[in-house]
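Visitor: The following comprises the amino acid sequence and a computationally predicted model.
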Amino acid sequence: MEKFNVGIIGLGCRGSWAVKDILTEREDVNVTFVCDEYEDRTEESKAVVEKKQGHTPHTSLDWHDVVNSPDVDVVVNCTAWEGHVPISTAAMEAGKPVAMEVGGAYQLDECYRLVDTYKKTGIHCMMLENCCFNREELMVLNMVQQGLFGKIVACSGGYQHDLREEITFGRENRHYRLRNYKARNTDNYPTHELGPIAKVLDLGHGNRMKYLVSMATGSWGLNDYARRNEKADPELRDYKFHQGDIVKTLIMCEGGETVTLTLDTTLPRSYSRGFTVRGTRGAYFEDGDGVFLDGVNNEWDKSFYNNKQQFFEKYDHPLWQKGGALDFRGGHGGMDWLVYDEFFRYVRTGNTPWIDTYDTASWMSITPLAAKSIENGSAPVEIPDMREI
């Protein structure tokens, strides 16, 4: 089996998990370089590679060393959001395919830069949007493509995750979210459901996003949390965070469909991505764990709730039919394994990845565009077609 020499940059939670649970588990990967700005993280991942793959990878605190190394064929970029575009484009320019962790762009120009670099090099930067490979999202996509939901009219979803502890203790944990929530007000993490929704609506592949409006609440959740937690940095009790507690973004598509995204990370709640697909003949509701089909359910039908298992039996996506989560290593129920599987399929074959550079840039663009809309009183903001720039 062909093996790829992989260098990974960024060894926080996502990067260290990737080393331990994905990269060192794959038969087609040699981890030859591990890099982080913090030496202890680099040493920890080096020890994992030594134990699991039997060799010692190169280490560095400078990402340039990874990108320029002759011992690296492929770059995995799991850095803080600020490092996504500069590191990824440098790797592409060095002739190395890039798998890049999720997060929105800071400026629209970064999205253009990704696309321009792909056009110049012919090398893709694939966003590691693992939710595109989740079992429920893929089953719904399979059902949509078979016409069971009729014409799709509207979709919604978001990143709805109580991150108050992670953000408030960002200084202690060396986590980048704290500085972002201090300085920015936008949907900073739009892709977890925009990615699967884009597949359902063929966004970037015959359909496209035209414009958006975005609105943010005030910011109270982090201050309240810090005041009630005696271990929290006292500065945060009255710090004027820019990031609103809940951000809603409404996107109009060229085909007439709408997409609603929600960022909800600084208030108490249970985890949900709220994935919802509404069509003329049926719907899927993540928060009800159910599929609703014309002629099968009615509005008073309580059996609709938690009925997804019976649809898995018939409409499970082929990626899961081959064996399901038990065949997959890695986290998040198997979808982490599948997203890397797709990336290395691209590296191996050269065929366009399922999430290509245009998709990556388009989904990332929502963050600076939502910020612009919020700054201008929720004014509509045009979404550029990344395939036409």
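Guide: Alright, I've got the coordinates.
Visitor: Just the mean pLDDT for stretch 166-176, thanks.
Guide: Mean per-residue pLDDT for stretch 166-176: 95.
Visitor: Let the chain start at 365 from now.
Guide: In the new numbering, first residue 365, that becomes stretch 530-540.
Visitor: how far out from the middle of the chain is it?
Guide: 20 Å (Cα atoms, centre = their mean, to the nearest Å).
Visitor: now do the same end-to-end measure for that stretch.
Guide: 10 Å (Cα to Cα, to the nearest Å).
Visitor: Which residues in that stretch does the neighbour count mark as buried?
Guide: By neighbour count with 16 or more other Cβ atoms under 10 Å, stretch 530-540 contains the buried residues 531-534, 539-540. To be clear about C-beta, it is placed using only N, CA and C from the backbone, and glycine gets the same treatment.
Visitor: Ramachandran coordinates for the residue lying closest to Phe649 once chain neighbours are set aside?
Guide: Distances taken as Cβ to Cβ, 6 or more residues apart in numbering place Thr640 nearest to Phe649, at 5.4 Å, with adjacent residues excluded. With angles defined as degrees, to the nearest 10, Thr640 sits at phi -140, psi 130.
Visitor: Just list the residues touching Thr640, thanks.
Guide: 519-521, 647-651 (Cβ atoms under 8 Å, 6 or more residues apart in numbering).
Visitor: Let me have those residues in CSV, extended by neighbour count and secondary structure.
Guide: Below are the contacts of Thr640 laid out as CSV (neighbours: other Cβ atoms under 10 Å; DSSP: H, G, I helix; E, B strand; the rest coil):
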residue, neighbour count, secondary structure
Cys519, 29, strand
Ser520, 21, strand
Gly521, 25, strand
Ala647, 24, strand
Tyr648, 28, strand
Phe649, 18, strand
Glu650, 20, helix
Asp651, 13, helix
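Visitor: okay if I get these as a markdown table plus distance to Met491?
Guide: A markdown table is the format used below for these (distance: Cβ to Cβ, whole Å):
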| residue | distance to Met491 |
| --- | --- |
| Cys519 | 19 |
| Ser520 | 20 |
| Gly521 | 16 |
| Ala647 | 27 |
| Tyr648 | 23 |
| Phe649 | 26 |
| Glu650 | 21 |
| Asp651 | 25 |
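Visitor: ok, these vs Asn494, which is closest?
Guide: Gly521 (14.1 Å; Cβ to Cβ).
Visitor: doesn't Arg535 make contact with Asp597?
Guide: Yes: Asp597 lies in contact with Arg535 (Cβ atoms under 8 Å); the separation is 6.2 Å.
Visitor: Contacts for the strand or helix carrying Phe397 next, please.
Guide: Per DSSP states H and E, Phe397 falls inside strand 393-399. Outside strand 393-399, the residues within contact range by Cβ under 8 Å, 6+ apart are 367-375, 383, 387-388, 406, 409-410, 413, 417, 419, 421-427, 429-430, 433, 435-436, 708.
Visitor: What residues sit buried inside the helix or strand that comes right after it?
Guide: Counting by DSSP H and E, the next helix or strand C-terminal to strand 393-399 is helix 403-417. Across helix 403-417, burial judged by 16+ other Cβ under 10 Å covers 405-406, 408-410, 412-413, 417.
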